[in-house]
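In: Predicted model and sequence below, questions to follow.
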Amino acid sequence: MGLAQEATFYDHAPVLLPAEQQLLGKTLIVAPHQDDESLGCGGIIYLLKQMDIPVHVVFVTDGSKSHPNSKKYPFEKLVSLRENESVEALAILGVGKNDITFLRLQDGRLPTAEAPDFQDAVNAFKSVLNHFEPKTIFTPWQRDPHPDHRATWQIVNQAVQAAPYAIRKFEYFIWLWERAGSDDLPVAGEGKIWKVDIEIAQDYKKTAVEAYLSQTTSLIDDDPEGFTLSPEVLAHFDNRFEIFLER
Ligand SMILES: [Zn+2]
């Protein structure tokens, strides 16, 4: 996706000012993988924590598919490495270990609404929702071009619809910046686009992302199919503004 195309949907978006950020209240950040929360919401997480607003982060998958063939980091070692990295990243943003939940569903295989195990995933998420009772939720964008991100949206949406009270819902963009087809972009009427000025948080966000050594360096170097975030992808997130869509 070219920059010009990207720019059209958020360039004139209003800025969500600090007084309005404060109104978000208790906030639940939903991340399919260990790094999505820092990439998509690292700035707003930092800003909310600076305002003493409770933030809880839930990781939906176990993250095991980033390097599926590594001998040095077989399944359990990889899962615990990525979880430890997320604890470290979130500490930089001001979120403690007790405010993190790992659902450990299978990476790369999150069920969408049609799948037989969809309701199990919804129920797992609902237990976090009921426990934390957030006023606001951040989840990946409905059509973010990654199957786990889209499935996460569906799981969250189903659970939020069944919640006994209204929850504000914001969506963040990860793969949209790199891989979006024109159908993946938000269209008029789908929601309200906001920009958040994260200038004072930007260095913390960058450091948090860099805590994911397994995703940003060649730490795991024995899997030819291994995944790392390229400098080009990372550059999308080293930005003074975070962009969200509110429904
Ligand atoms: Zn992801």
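Out: Nice, thanks for sending it over.
In: how about the strands in the protein?
Out: For the chain, the strands defined by DSSP state E occupy 27-31, 55-61, 100-105, 136-140, 168-172, 192-197, 241-246.
In: just those: most buried one?
Out: Mean neighbour count, computed with mean count of other CB atoms under 10 Å, is highest for strand 27-31 among the strands of the chain, reaching a mean of 27. To be clear about C-beta, it is placed using only N, CA and C from the backbone, and glycine gets the same treatment.
In: Run me through the strand neighbours of that strand, direction for each.
Out: Partners of strand 27-31 in the sheet, by DSSP bridges, are strand 55-61 (parallel), strand 136-140 (parallel).
In: if we can go back for a sec, redo the strands of the chain as TSV? Include mean pLDDT.
Out: Output for the strands of the chain, formatted as TSV (pLDDT from 0 to 100):
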stretch	mean pLDDT
strand 27-31	98
strand 55-61	98
strand 100-105	98
strand 136-140	98
strand 168-172	98
strand 192-197	97
strand 241-246	98
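In: Tabulate those strands (TSV), appending distance to Pro14.
Out: Formatted as TSV, the strands of the chain follow (distance: least, CB to CB, whole Å):
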stretch	distance to Pro14
strand 27-31	19
strand 55-61	23
strand 100-105	31
strand 136-140	17
strand 168-172	14
strand 192-197	6
strand 241-246	11
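In: how many other residues sit next to Asn239?
Out: Neighbour count of Asn239, defined by other CB atoms under 10 Å: 14.
In: where does it land on pLDDT?
Out: pLDDT for Asn239: 95.
In: OK, contacts around whichever residue of the chain sits closest to the ion?
Out: For the chain and the ion, the shortest gap (CB to the ion) falls at His33, measuring 3.5 Å. Contact analysis of His33 by CB atoms under 8 Å, 6 or more residues apart in numbering lists Phe59, Val60, Thr61, Gly63, Ser66, Arg82, Asp107, Asp148.
In: do Leu16 as well
Out: Counting by CB under 8 Å, 6+ apart, Leu16 touches Trp194, Lys195, Val196, Phe244.
In: Leaving out chain neighbours, which residue sits closest to Glu178?
Out: Of all residues not flanking Glu178 in the chain, Val233 sits nearest, at 5.5 Å (CB to CB, 6 or more residues apart in numbering).
In: roughly how far apart are the one you found and Pro147?
Out: According to CB to CB, to the nearest Å, Val233 and Pro147 sit 17 Å apart.
In: Under the pLDDT cut-off, which ranges of this structure? List them.
Out: Confidence mapping of the chain against pLDDT under 70 gives the ranges 1-7.
In: returning to that earlier point: more crowded one of Val233 and Pro147?
Out: More crowded of Val233 and Pro147, by other CB under 10 Å: Val233, with 16 against 13.
In: from what I can see the more buried one touches Ile174, true?
Out: No: between Val233 and Ile174 there is no contact under CB atoms under 8 Å: 9.0 Å.
In: As a check, name the ranges of all helices in the protein.
Out: 3-10, 18-22, 36-50, 75-93, 118-132, 147-161, 176-179, 202-210, 213-216, 231-235 (DSSP state H).
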